[in-house]
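> Model the structure of this input:
(one chain, ligands or ions: 1)
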Amino acid sequence: MPSMSRLRTTAMMAALGLAACTADKDAIVDPAPGDDTPSFAAVQATLTRACGSCHAAGSGRTFTVAMDSAALVGSGLLNPLNPGASPLLVKARSSAHGGGNVTAFTKGDSALVAAWAALQPNVGANTLFATRTDFAPTIDGLGEALWTQAQPIVIPIGGGWAAADAVAMRALYDDHYLYIYLRWTDNQASFKRQPWIRRDDGTWLAQAAKPTPAAETEWNAYMAANAPAGGRFDPEAPQFLYEDKLALIWNTYAAATHVPEFETAGCAAACHDPSKGGKPGTTYNYARQDLAAKKYLTVQGQILDMWHWKLVRHNQQSKVDDQHVRYWAPVNDATAPSGGRAGDAGLEGYRTNPATSGRPTFKSRLTGHNNPFYAIAEVDTVRMTDAELAAMPAGTVVANVLTSPMTGNRAQIDGRGVHDNVAKVWTMEIRRRLVTGDDKDVQFDDRTRAYTFGIGVFDNAQIEHSYSGMPLSLVFKP
Ligand code: HEC
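Below you'll find the model as predicted:
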């Protein structure tokens, strides 16, 4: 690694060269006395020029060229201890970047930003420290006081449908478990997941999650098209009938399954858009599965561990779906729309309320119709009679999700979310054994290692999640 002063000088020259570039590219200008550091103005001008076309204010990205120096320092995009390895710079050079390897961003530009990054405080914005605890939190989503002994981290998210632009996280551990607490804003809990509704003509229809986007539409274009005139896109508008979700993705560290690219690119390493040369993307294509942006890995055997909480399908059972992302080659297979996403071995703990002669089959035996209304525990199901269904008026809604206990490796994560309708926030608690033995899972068996992860928030969204653009680290404090 070059010495800091050389790095600074190189960057300095690059900065000055940049300012003078149209006049005389190679002119070496002596720095003004006392001005031996690159200025943030120079950094911002460089980023604006090279990155501004896609990362402008309002672009929905978590990195925007409008960020001031404090926002950039607090974003986790810089690594003051190893400035050349700053996630911001690595991303701009990575094939796992929506903008690809940005050629307009020269080595000199990179050195300038690195030299500035070297001078910034190391706020550890992308590190979640797990604190050892003697008392286990109750996994009820409420978040008892003992969580305050864990250091909070606030992770910026963007790029999708969430009202939240950040998720706060805390972590605790004991001899057996890792515990995670999460908090993010959402003005309402969304639980009307694709319900059965009786139509005016008396027939029943299981509703779609959303009006189907035209092929090759991008999420952001779909959001713009579905926003009220002059207003903001509202994921809770009546045409969206889905549920709130949250996902964490972890790298695995067994030699056979580890995903090196995830360490530097985060979730983008698993996000591929075949219609855009395989780079991360957000293109819909329901008719051509091989052209739609999906999650998958491009190397056989590689595994990312995915913890996927779904309000309607899992909260009733206090579980988080233990899934994984694996190798997949884009094929146009309408029966396998999940790409490289798969459940770990075991029963998934939910199914849809099946159709009998085109109408829903079950209701809940509990009074008050269903409890909660949009998910029925399998043990509470009662078959509806023809007479009962015939008497239901148009507009009647019947839950379309039946839940049951998960089993096997799929059931290895406990979790529960609670929505506070006054504070307008979700709080959530998750518990997983440090070591599960399943090769589809991250094993927290080495407490000296940093574990890389990413996070996604689905605000009444089927796939259109807001996500952390950069890799995050979990570190166990002794
Ligand atoms: C042609 C468009 C384009 C350009 C130019 C571009 N990017 Fe990106 N960038 C994207 C897209 C799309 C994503 C989201 C997918 C991903 O994470 O790679 C992204 C994501 C990122 C992220 C992750 C955080 C986030 O905002 O989602 C960083 C950091 C980033 N880019 C840095 C840069 C830097 C630095 C430059 C300029 C040197 C740059 N990008 C130029 C399109 C672009």
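> alpha carbons only for contacts and neighbour counts from here, please
Will do.
> quick one, helices of the protein?
Residue ranges of the helices in the chain, as given by DSSP state H, are 4-20, 40-51, 69-74, 87-92, 107-118, 219-225, 260-265, 311-314, 386-390.
> could I get the ones you listed as CSV with mean neighbour count, distance to Ala411 and mean pLDDT?
Formatted as CSV, the helices of the chain follow (neighbours: other C-alpha atoms under 10 Å; distance: least, C-alpha to C-alpha, whole Å; pLDDT from 0 to 100):
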stretch, mean neighbour count, distance to Ala411, mean pLDDT
helix 4-20, 19, 50, 34
helix 40-51, 18, 43, 96
helix 69-74, 16, 36, 92
helix 87-92, 21, 34, 93
helix 107-118, 23, 43, 95
helix 219-225, 16, 32, 93
helix 260-265, 20, 25, 94
helix 311-314, 27, 10, 94
helix 386-390, 11, 35, 94
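> Which one of the ones you listed lies nearest to His419?
When the helices of the chain are ranked by proximity to His419, the top entry is helix 311-314, at 10.1 Å, counting by C-alpha to C-alpha.
> So for the ligand, which of the helices of the chain sits nearest?
Judged by C-alpha to the nearest ligand atom, the one of the helices of the chain that comes nearest to the ligand is helix 40-51, at 3.4 Å.
> Check which helices and strands the closest one sits against.
Under the contact criterion of 3 or more C-alpha pairs under 8 Å, 6 or more residues apart in numbering; DSSP states H and E, the helices and strands touching helix 40-51 comprise helix 107-118.
> quick one: the helix it packs on near the ligand?
No. With C-alpha under 6 Å from any ligand atom as the threshold, helix 107-118 lies outside contact range of the ligand, at a closest distance of 8.2 Å.
> beta partners for the nearest residue to Thr352 once chain neighbours are set aside?
Leaving aside its sequence neighbours, Thr352 sits nearest to Val401 (C-alpha to C-alpha, 6 or more residues apart in numbering; 4.6 Å). Counting by DSSP bridges, Val401 forms beta bridges with Thr352, Ala375.
> Just give me the neighbour total for Val401.
Other residues near Val401 number 24, with proximity taken as other C-alpha atoms under 10 Å.
> Would you tell me which of the helices of the chain gets closest to Glu243?
Between Glu243 and these, the tightest spacing by C-alpha to C-alpha is seen for helix 311-314, at 6.1 Å.
> can you give me how far that closest one is from the chain middle?
For helix 311-314, the separation from the chain centroid amounts to 17 Å (computed by C-alpha atoms, centre = their mean, to the nearest Å).
> CA-only coordinates of it in CSV, if you can.
Extracted as CSV, the C-alpha positions of helix 311-314 are listed here (Å, rounded to 0.1, in the frame of the first residue of the first chain):
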residue,chain,number,x,y,z
LEU,A,311,-45.9,-11.1,7.9
VAL,A,312,-48.9,-13.1,6.8
ARG,A,313,-47.2,-16.4,6.2
HIS,A,314,-44.9,-16.6,9.2
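> Show me what it is in contact with.
Surrounding helix 311-314, the residues in contact under the criterion C-alpha atoms under 8 Å, 6 or more residues apart in numbering are 191, 193, 243-245, 320-321, 349-350, 374-375, 401-403, 417.
> with these in mind, which one is nearest to the ligand?
Closest to the ligand out of the contacts of helix 311-314 is Lys245 (19.5 Å), distances taken as C-alpha to the nearest ligand atom.
> what separates the nearest residue to Ala209 once chain neighbours are set aside from Thr335, distance-wise?
For Ala209, ignoring the flanking residues on the chain, the nearest one in space by C-alpha to C-alpha, 6+ apart is Leu241 at 4.8 Å. Going from Leu241 to Thr335 by C-alpha to C-alpha, to the nearest Å gives 22 Å.
> When these two are compared, which one has more neighbours?
The residue with more neighbours, out of Leu241 and Thr335 and counting by other C-alpha under 10 Å, is Leu241; that gives 22 against 7.
> wouldn't the more buried one be in contact with Ala206 here?
No. If you go by C-alpha atoms under 8 Å, Leu241 and Ala206 don't touch, sitting 10.4 Å apart.
> Which neighbours do the two have in common?
Once C-alpha under 8 Å, 6+ apart is applied, the residues that Leu241 and Ala206 both contact turn out to be Gln194, Pro195.
> Provide the contact partners of stretch 203-215 at residue level.
Contact with stretch 203-215 is made by 193-199, 222, 239-242, 284-287, 358-360, 400, 462, as judged by C-alpha under 8 Å, 6+ apart.
> Apart from its chain neighbours, what residue comes closest to Gly60?
According to C-alpha to C-alpha, 6+ apart, the nearest residue to Gly60 is Gly159 (5.0 Å).
> Please disregard the earlier target; I meant Gly301.
Nearest residue to Gly301, sequence neighbours excluded (C-alpha to C-alpha, 6+ apart): Thr257, at 5.6 Å.
> Contact residues of the stretch 51-200 of the chain facing the ligand?
Applying the criterion C-alpha under 6 Å from any ligand atom, the portion of the stretch 51-200 of the chain that neighbours the ligand consists of 51, 53-54, 61-63, 88-89, 91-92, 96-99, 102, 105.
> low pLDDT regions in the stretch 251-400 of the chain?
Low-confidence regions of the stretch 251-400 of the chain, defined by pLDDT under 70, span residues 367-373.
> what do you get if the cut-off is 80, keeping everything else the same?
When the per-residue scores of the stretch 251-400 of the chain are filtered using pLDDT under 80, the ranges that remain are 336, 367-373.
> Name the residues of it found near the ligand, please.
Contact residues (C-alpha under 6 Å from any ligand atom) of the stretch 251-400 of the chain with the ligand: Ala268, Pro280.
> Residue of the stretch 101-250 of the chain closest to the ligand, please.
Ranked by C-alpha to the nearest ligand atom, the top residue of the stretch 101-250 of the chain for proximity to the ligand is Phe105, at 5.0 Å.
> what residues are up against that residue?
For Phe105, the contacting residues are Ala50, Cys51, Ala92, taking C-alpha under 8 Å, 6+ apart as the criterion.
> got the contact list for whichever residue of the stretch 351-478 of the chain sits closest to the ligand?
In the stretch 351-478 of the chain, the residue found nearest to the ligand is Gly469; the distance is 3.6 Å by C-alpha to the nearest ligand atom. By C-alpha under 8 Å, 6+ apart, the contact list for Gly469 reads Arg61, Thr62, Phe63, Ile157, Gly158, Ala265, Gly266, Cys267, Ala268, Gly454.
> same thing but at 7 Å, please
Contacts for Gly469 were tallied using C-alpha atoms under 7 Å, 6 or more residues apart in numbering; they are Thr62, Ile157, Gly266.
> ok, the first one - how many residues close by?
With neighbours defined by other C-alpha under 10 Å, the count for Thr62 comes to 24.
> And for Gly340?
For Gly340, the count of nearby residues is 21 (other C-alpha under 10 Å).
> all strands for the stretch 351-478 of the chain, in order.
Assignment of strands within the stretch 351-478 of the chain using DSSP state E, counting those that start in this stretch yields the ranges 355-356, 359-360, 362-364, 375-377, 381-383, 397-398, 401-403, 413-420, 425-433, 451-458, 466-467, 472-476.
> need those in JSON lines with distance to Tyr173, can you?
Written out in JSON lines, the entries for those read as follows (distance: least, C-alpha to C-alpha, whole Å):
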{"stretch": "strand 355-356", "distance to Tyr173": "45"}
{"stretch": "strand 359-360", "distance to Tyr173": "44"}
{"stretch": "strand 362-364", "distance to Tyr173": "38"}
{"stretch": "strand 375-377", "distance to Tyr173": "31"}
{"stretch": "strand 381-383", "distance to Tyr173": "38"}
{"stretch": "strand 397-398", "distance to Tyr173": "41"}
{"stretch": "strand 401-403", "distance to Tyr173": "29"}
{"stretch": "strand 413-420", "distance to Tyr173": "14"}
{"stretch": "strand 425-433", "distance to Tyr173": "9"}
{"stretch": "strand 451-458", "distance to Tyr173": "14"}
{"stretch": "strand 466-467", "distance to Tyr173": "25"}
{"stretch": "strand 472-476", "distance to Tyr173": "8"}
